[in-house]
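Sequence and predicted structure below; questions after.
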Amino acid sequence: MQLKNKVALVTGGSQGIGREISLKLASMGANVAICSIPEAGEDVASEIKKMSLNSKAYITDVSNSEETKKLIENVVSDFGGLDILINNAGITRDGLAIRMSEDDFDKVIAVNLKGVFNCSQAAAKVFMKNESSAIVNLSSVIGLHGNAGQANYAASKAGVIGLTKTFAKELAKRTIRVNAVAPGFIKTAMTDALKDNVKETILDQIPLSRLGTTKEVASLVGFLASDMSSYITGQVVVIDGGLFI
């Protein structure tokens with residue numbers, strides 16, 4: 001139980017990779033606060049409570065700085081503290097750059113990038129009072145390599161990497177570690193919806209010849225959130241089956 005008695009906050013923690021991360025941290029002993037816009041967070045919180053742990057779901061727009069400040073205040077009040085922040089909340093509004101609307105660009109940047117900044121800034125003020133804390137940001141291989149039709153998403157995830165390294169340098173003296181995880185193609189509802197020929201093309205490019213799983217991503221996040229990675233900060237860990245070796 002590497003995270004026993006720790007309190008973790010997972011943004012976008014109600015579905016997909018975020019849901020799996022919430023459950024993984026709980027399995028490691030953490031009490032988990034789940035931030036999401038849909039009320040599906042209540043279902044995940046109920047599962048965690050069955051493990052005899054504390055869990056609560058909050059509905060928050062992470063792109064709004066006042067809402068994120070209130071979120072952190074509420075978590076600290078309800079749980080008695082905060083030790084771990086997982087910045088997972090994210091959206092997509094895909095389209096070719098030449099045709100992309102300003103609104104679609106702004107919305108993705110607001111949630112995926114500004115949301116990470118807002119939550120990290122608010123949580124860091126709490127973390128400075130702890131002996132040690134950890135922030136794990138969900139980036140993407142798209143942020144490292146770009147992708148046609150995802151200019152806004154690529155820019156947001158590249159920005160997350162920049163924020164990760166900057167926060168890591170600024171907070172290291174306070175024993176706050178900040179790292180990023182960059183998943184490749186992971187089996188989710190989004191990839192399940194792809195046509196078979198598209199899936200085959202993707203698999204042909206992956207040396208391990210399969211998609212990653214949400215459990216594998218969650219295990220990596222759990223490692224980076226725990227003291228097992230106590231000498232790792234400012235890093236971007238790619239989990240893509242060898243796609244970009």
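Okay, I see it.

Pull the residues that contact stretch 62-79.
Stretch 62-79 has contacts (CB atoms under 8 Å, 6 or more residues apart in numbering) with 7, 9, 11, 31, 33, 35, 54, 56, 58, 60-61, 82, 89, 110-111, 114-116, 118-119, 121-123, 125-126. From N, CA and C alone the C-beta is placed, and that goes for glycine too.

got any ranges where the chain has weak pLDDT?
Nowhere does the chain drop to pLDDT under 70.

hey, where'd the strands end up in it?
7-11, 31-36, 55-59, 84-87, 133-138, 176-183, 236-239 (DSSP state E).

Among the ones you listed, which comes closest to G149?
strand 176-183 (18.0 Å; CB to CB).

For that closest one, name the packing helices and strands.
With contacts defined as 3 or more CB pairs under 8 Å, 6 or more residues apart in numbering; DSSP states H and E, the packing partners of strand 176-183 are helix 115-127, strand 133-138, helix 141-145, helix 151-171, helix 214-225, strand 236-239.

so what strands line up beside that strand?
strand 133-138 (parallel), strand 236-239 (parallel) (DSSP bridges).

Determine how far that strand lies from the middle of the whole chain.
9 Å (CA atoms, centre = their mean, to the nearest Å).

one step back: what's the closest of the strands of the chain to F167?
Among the strands of the chain, strand 176-183 sits nearest to F167 (CB to CB), with 4.4 Å.

Can I get the closest one in CSV? Just the C-alpha atoms.
This file holds the C-alpha atoms of strand 176-183, laid out as CSV (Å, rounded to 0.1, in the frame of the first residue of the first chain):
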residue,chain,number,x,y,z
ILE,A,176,7.2,18.5,-4.7
ARG,A,177,7.9,16.2,-7.7
VAL,A,178,6.3,17.0,-11.1
ASN,A,179,6.3,14.5,-14.0
ALA,A,180,4.3,13.8,-17.2
VAL,A,181,3.0,10.7,-18.8
ALA,A,182,2.7,10.6,-22.6
PRO,A,183,0.5,7.8,-23.8
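
between that strand and helix 214-225, how many degrees?
160 degrees (axes from the mean of the first three to the mean of the last three CA atoms, to 10 degrees).
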